[in-house]
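Peer 1: Predicted model, plus sequence, below.
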Amino acid sequence: MSATPHASSTAARFVSSNEIRTRFSRAMSEMYRKEVPQYGTLIDLVADVNAVALQADPELRQRMSKSGELERLDVERHGAIRVGSAEELATLRRLFAVMGMEPVGYYDLSVAGVPVHSTAFRPVHDEALLANPFRVFTSLLRLELIADEALRAQAAEILQRRRIFTPRALELIAQAERDGGLDSGDADTFVQQALETFRWHSDATVDAATYNALQKAHRLVADVVCFKGPHINHLTPRTLDIDLAQADMPTRGMDAKDVVEGPPQRACPILLRQTSFKALKEAVRFTDADANANADSAGAHTARFGEIEQRGVALTRKGRALYDELLGLVRGIDSAGSAAPDYAHRLQQVFTQFPDTHEQLRRQGLAFYRYRLSEQAQAQLPRGAAEADLEALIDKGLVQAEPITYEDFLPVSAAGIFQSNLGGEEQKQYQAHAAQQVFEGALGASVHDEIALYEASEQQSRAQVLALLSGVAA
Ligand code: OOG
Ligand code: NI
C-alpha cells in the first residue's frame, strides 16, 4: 500500500491504534458498570484480592512494577459478543482493526453444545499487548445448527433486517482504512459510535412468541437474534488469585459459577483460569407488549454477567496436547464433565502429571519462554566468547528465560462459561464439526494461528540474545 500525499501529511496527527483501543476499553468498562451494577462489585472485589496478593508477595509486586504490568493491572483483559451474520462479523473485523485488534484463533463450540464458532480479536505484537491487552471474544451464530427449517429461515430473515453499526461508525472505519489512522478528535467520535453497537437494549425486536420459539431452539439463538445488536455480554478483569476471588464472590452477593474453568492451581500457572458470576435476569419488552399486556410479553432475558481471569504461560503444541489429554481424562470420569462433586480435587490429582517447574516445562518443550540477557551479562557483555548453546548460557546465568503469557482462550472453558450463563439447564447436542474455512469466509480473512505467534516470539528472542552474545548485533 502506498501512502497518498494526503495520508502522509496527516499521519503525524494520528493517534496510535493502542491509544484508540485504550479509550475504547475504558469507555466500554464505564458503560458496562452502569448497565450491570454487579459488575462494579466484581471490580471492587478483584481490586481487594489483588491488593492482598501483592502485599503477600513483595517479589511479585516488584516484578510487575518493573515490567509495567502493575500500572495496567486494573484494565479489563477481555469482553465478549455474539453476532448473527457474516456481514456483521466482517464489519466487526474492520472495526477492531482500527484499534489494532486482529482475529486470532478458531474455536469450535459446537462440540460443547453451543451453536457458535468464534475467534478473539486482539493485539498481536508484544508491545501492543503490553500497552493494552484488551481483546474481544467474538462468536458467530451457526444458524445451520437450528434443526427447524422454518425457524431457521425466520431467524435469518430477522438478522438480515438489522443494522448493528451506526452510519458514522461505518464512515470512520472507511476513513481510517483510507487514511491509515484517525486523529484524536475522530478517534473519540469513533469510540463513542462504536460503543453504540455494544450497548444493551431492553426492547426486543421480536414478539414474545418468536422469542420463545428461538429460545427453545437454543437460549443463545434468542440472545443473538432478538435484539438490536450484539450487546457486550461480559467484561473480564485480571485477578492475581482466582481461588480467593471465587471464594469471596458469594460473600458479596454474587452467584458464582460452580467451578473455575481451566487448569488447577499450580506453582507455575499455565494457560488460563476463569470463573464468573452467573448472568442476571433482566426485564425485556417484546414488540407486542402493549397489545398483549397480560401474556408473557413483558419478559425476562438472561445474558449479561461478569467474569475474572488469571493467565499463565503459553503452551507449545506438545504442551497443549498434554493439557487437552489430561483435561479429557478428568472430564471423562463418569462422563460428568465438570459436574462431578469432587471435580476440583480430581483435576488437581490428574494434573500432577503435568510438570510444574519452569525448568521442566521449558526443557521438555511444553511451554514458551522469552529469552533475554541477564543483568550479569549486560554488565560485562562477553561478546564473541559465547557458544550458541542456549542451555549452557542459561546455566552460566548469562541468559534468562521468562514465561510468555498465554493471550488466548480455551474452547472447553469458553463452553463452560457460556453454559453457566445461559440461565438454562438443558444440554443440546450437536454433531461436532469444526468449520474454520466457513468461519474465515464469513470473516473475510484468515485467523492467526495463536501457537505460531508464540513460536515466533520465542524464536525472535532467542535469535536476538544469541546475536547479542556473539557480537553479531550491535
Ligand atoms: C463467550 C464465552 C467465552 C471466555 O472467556 O472463555 C469467553 C460468551 O459467553 O459469549 O468469553
Ligand atoms: Ni470471557
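Peer 2: Perfect, I can see it now. This one's a predicted model, so the numbers in the text were calculated from it and none came from an experiment. Ligands and ions are numbered 1, 2, ... in the order given.

Peer 1: tell me which parts of the stretch 51-200 of the chain are close to ligand 2?
Peer 2: Ala80 (C-beta under 5 Å from the ion). Just so you know, the C-beta spots here come from the backbone N, C-alpha and C atoms, and that holds for glycine as well.

Peer 1: from the stretch 51-200 of the chain, which residue is nearest to ligand 2?
Peer 2: Distances between the stretch 51-200 of the chain and ligand 2 by C-beta to the ion are smallest at Ala80, namely 4.9 Å.

Peer 1: is it true that that residue touches Phe121?
Peer 2: No: the pair Ala80 / Phe121 is not scored as a contact, 10.6 Å apart, by C-beta atoms under 8 Å.

Peer 1: what residues does the stretch 301-450 of the chain put near ligand 2?
Peer 2: Glu307.

Peer 1: where along the stretch 301-450 of the chain do the helices fall?
Peer 2: Residue ranges of the helices in the stretch 301-450 of the chain, as given by DSSP state H, counting those that start in this stretch, are 317-332, 343-350, 358-363, 375-379, 390-395, 411-420, 436-443, 450-469.

Peer 1: Highest mean neighbour count out of those helices?
Peer 2: Mean neighbours per residue, mean count of other C-beta atoms under 10 Å, is largest over those for helix 411-420, with a mean of 22.

Peer 1: low pLDDT regions in the chain?
Peer 2: 1-11, 291-298, 381-388, 424-427, 431-432, 471-474 (pLDDT under 70).

Peer 1: before we move on, the earlier item: so what sits against both of Ala80 and Phe121?
Peer 2: Taking C-beta atoms under 8 Å, 6 or more residues apart in numbering as the criterion, Ala80 and Phe121 both touch Val136, Thr138.

Peer 1: one step back: so for Met99, which of the helices of the stretch 301-450 of the chain sits nearest?
Peer 2: helix 436-443 (16.4 Å; C-beta to C-beta).

Peer 1: does stretch 187-202 come close to ligand 1?
Peer 2: No: Stretch 187-202 stays clear of ligand 1 (C-beta under 6 Å from any ligand atom), getting no nearer than 12.2 Å.

Peer 1: One more: stretch 76-90?
Peer 2: Yes: counting by C-beta under 6 Å from any ligand atom, contacts between stretch 76-90 and ligand 1 involve Ala80, Arg82.

Peer 1: The stretch 51-200 of the chain: strands as residue ranges?
Peer 2: 78-83, 102-108, 116-122, 135-141, 182-183 (DSSP state E, counting those that start in this stretch).

Peer 1: Throw those strands into TSV and include mean neighbour count and distance to His358, thanks.
Peer 2: Putting the strands of the stretch 51-200 of the chain into TSV (neighbours: other C-beta atoms under 10 Å; distance: least, C-beta to C-beta, whole Å) gives the following:
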stretch	mean neighbour count	distance to His358
strand 78-83	23	25
strand 102-108	22	24
strand 116-122	25	24
strand 135-141	25	25
strand 182-183	19	41
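
Peer 1: how many neighbours does the residue nearest to Asp108 when sequence neighbours are not counted have?
Peer 2: In this structure, Asp108 finds its nearest non-sequential neighbour in Ala434, 3.9 Å apart by C-beta to C-beta, 6 or more residues apart in numbering. Applying other C-beta atoms under 10 Å, we find 15 residues neighbouring Ala434.

Peer 1: who's in contact with Ala434?
Peer 2: By C-beta under 8 Å, 6+ apart, the contact set of Ala434 is Tyr106, Asp108, Ser110, Val111, His117.

Peer 1: Next, find the distance separating the third one from ligand 1.
Peer 2: For Ser110, the distance to ligand 1 under the criterion C-beta to the nearest ligand atom, to the nearest Å works out to 14 Å.

Peer 1: Excluding sequence neighbours, find me the nearest residue to that residue.
Peer 2: Tyr430 (4.4 Å).

Peer 1: so the one you found makes contact with Val116?
Peer 2: No: Tyr430 sits out of contact with Val116 when judged by C-beta under 8 Å, with a separation of 10.3 Å.

Peer 1: Return every residue with contacts to both of the two.
Peer 2: Taking C-beta under 8 Å, 6+ apart as the criterion, Tyr430 and Val116 both touch Ser110.

Peer 1: what's Arg21 in contact with, if anything?
Peer 2: Listed by C-beta under 8 Å, 6+ apart, the contact set of Arg21 reads Met99, Gly100, Met101, Pro123, Ala131, Asn132, Phe134.

Peer 1: now the host helix or strand of it and strand 78-83, what's the angle there?
Peer 2: Assigned by DSSP states H and E, Arg21 belongs to helix 17-35. Angle between the axes of helix 17-35 and strand 78-83 is 80 degrees (criterion: axes from the mean of the first three to the mean of the last three C-alpha atoms, to 10 degrees).

Peer 1: Send me helix 17-35 as PDB with only the CA atoms.
Peer 2: The C-alpha coordinates for helix 17-35 follow below in PDB (Å, rounded to 0.1, in the frame of the first residue of the first chain):
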ATOM      1  CA  SER A  17      -4.200   2.100  17.400                       C
ATOM      2  CA  ASN A  18      -3.100   1.300  21.000                       C
ATOM      3  CA  GLU A  19      -4.500   4.600  22.200                       C
ATOM      4  CA  ILE A  20      -7.800   4.100  20.400                       C
ATOM      5  CA  ARG A  21      -8.100   0.600  22.000                       C
ATOM      6  CA  THR A  22      -7.300   2.000  25.400                       C
ATOM      7  CA  ARG A  23     -10.000   4.700  25.000                       C
ATOM      8  CA  PHE A  24     -12.400   2.100  23.700                       C
ATOM      9  CA  SER A  25     -11.900  -0.400  26.600                       C
ATOM     10  CA  ARG A  26     -12.200   2.400  29.100                       C
ATOM     11  CA  ALA A  27     -15.500   3.600  27.600                       C
ATOM     12  CA  MET A  28     -16.800   0.100  27.400                       C
ATOM     13  CA  SER A  29     -15.900  -0.500  31.100                       C
ATOM     14  CA  GLU A  30     -17.700   2.600  32.200                       C
ATOM     15  CA  MET A  31     -20.800   1.800  30.100                       C
ATOM     16  CA  TYR A  32     -20.900  -1.800  31.400                       C
ATOM     17  CA  ARG A  33     -20.500  -0.700  35.000                       C
ATOM     18  CA  LYS A  34     -23.600   1.500  34.600                       C
ATOM     19  CA  GLU A  35     -25.500  -1.200  32.800                       C
END
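
Peer 1: Could you check how far Gly319 is from ligand 2?
Peer 2: For Gly319, the distance to ligand 2 equals 22 Å [C-beta to the ion, to the nearest Å].

Peer 1: Was I right to think that residue contacts Ile270?
Peer 2: Yes: at 7.4 Å, Gly319 and Ile270 qualify as touching, with contact defined as C-beta under 8 Å.

Peer 1: Residues in contact with both of the two, list them for me.
Peer 2: Leu361, Ala367.

Peer 1: In contact with the nearest residue to Leu453 once chain neighbours are set aside, which residues?
Peer 2: Among residues not flanking Leu453 along the chain, Val124 sits closest, at 6.0 Å (C-beta to C-beta, 6+ apart). Taking C-beta under 8 Å, 6+ apart, we find Val124 in contact with Glu102, Val104, His448, Leu453.
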